[in-house]
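Undergrad: Below are the sequence and a predicted model for it; my questions follow.
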Amino acid sequence: TDVHRHARVSLFAEGHDLRVFRTSGTTHGARGEHPFVDLALYHRAAMIGARHAFLPGGPFDLLVLAADPSRQPDSSLGHMIGLFADEARSRDPEARVAFVLDGDHIDTAAIARAVDAANARARTLVVCGTSFAFVFAEDVFAEDVPARRFTLPPGSRVMYTGGFKGRSRVLDEDELRGVIGARFGVPDDHLVTEYGMTELSSQLWSRERVVSSPGAARDGLLWIPPWLRVTPVDPVSLEPVAEGERGILRFDDAANLDSCVSIQTADVGLLVRT
């Protein structure tokens, strides 16, 4: 992933770029870049994963705790969320889509209006956003209207992704899920996480808690789409570790057709057969 911050990784000339997605740059300063000559595979990968993980089968409204994608054209996450908005409108031209984050301002009144409108219409509501935005919203609610709690229409889902990047206080996974579940009134198995990065064209998703035995849930498991291979490797030798052992994650992403299929990260994980 570091190479993308220092060199162009592409099989086509710069003049043919249709879109260039960039990392946030908050960790190392320099921003990694991933150019695309075509976005068809990216769109296919994102929507197959989203439909598998959390998008409902029928019409839905969309509430986004992120900025309008038109204001961040180099964000791969913003672009993907824009695909969800297109999906909502394609299923019903009257679907309501609300983006409630603008810089360092989050419009909690707009959040309340979107939830109330979905309940009034008995319309499934999909809520998605970055982890820091959910914490940001929670802090504003706690200060301004601490008693306000929502109940989403049946079948609704909440999807969160990404880290905090210094933009809010940091919560661990259990705390974050507790905050989101309590504020939006959704059960834990209706909270979906997404793992992605600018250097990849595909994403990993949680779907529902994977139950290994009655009454026991397996936390932190992500579904790997069939065109994506994930290999934990030893951080020194870069050789694959034994199944069930932790390593730094290497991705072979067939959707990275015009850049680099194999991406070595510093993220740590292990493979679990389910």
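TA: Thanks, I have it.
Undergrad: Now do the same for the nearest residue to residue 74 once chain neighbours are set aside: its pLDDT.
TA: Beyond its immediate neighbours in the sequence, the residue positioned closest to residue 74 (CB to CB, 6 or more residues apart in numbering) is residue 22, lying 4.4 Å away. Just so you know, the C-beta spots here come from the backbone N, C-alpha and C atoms, and that holds for glycine as well. The confidence metric pLDDT takes the value 95 at residue 22.
Undergrad: Am I right that residue 254 is in contact with residue 260?
TA: No - Residue 254 is not in contact with residue 260 according to CB atoms under 8 Å; the separation is 11.8 Å.
Undergrad: follow-up on the earlier one: just give the number of residues close to the residue nearest to residue 74.
TA: For residue 22, the count of nearby residues is 18 (other CB atoms under 10 Å).
Undergrad: Flag every buried residue along whatever helix or strand residue 142 lives in.
TA: When secondary structure is defined by DSSP states H and E, residue 142 falls within helix 131-144. Buried residues in helix 131-144, counting neighbours by 16 or more other CB atoms under 10 Å, are found at 131-138, 141.
Undergrad: Next, the contact list for the residue nearest to residue 74, please.
TA: By CB atoms under 8 Å, 6 or more residues apart in numbering, the contact set of residue 22 is 31-34, 74-75, 198.
Undergrad: Select from those the one having the most neighbours.
TA: The member of these that has the most neighbours, counting by other CB under 10 Å, is residue 34 with 27 neighbours.
Undergrad: Quick check: it is in a helix.
TA: No - going by DSSP: H, G, I helix; E, B strand; the rest coil, the assignment for residue 34 is strand, not a helix.
Undergrad: That one touches residue 17, doesn't it?
TA: No - counting by CB under 8 Å, no contact exists between residue 34 and residue 17, whose distance comes to 10.4 Å.
Undergrad: Please, where are all the helices along the stretch 51-200 of the chain?
TA: In the stretch 51-200 of the chain, the helices defined using DSSP state H, counting those that start in this stretch lie at 76-91, 108-121, 131-144, 173-184.
Undergrad: Nearest to residue 250, out of those helices?
TA: Ranking the helices of the stretch 51-200 of the chain by distance to residue 250, with CB to CB as the measure, places helix 76-91 first at 19.5 Å.
Undergrad: Going by neighbour count, list what's buried in the closest one.
TA: Neighbour counts using 16+ other CB under 10 Å place 76-85, 87-88 of helix 76-91 among the buried residues.
Undergrad: Just give me the neighbour total for the nearest residue to residue 144 once chain neighbours are set aside.
TA: When the adjacent residues along the chain are set aside, residue 144 lies closest to residue 108, with 6.7 Å between them (CB to CB, 6+ apart). Look at residue 108: counted by other CB under 10 Å, it has 19 neighbours.
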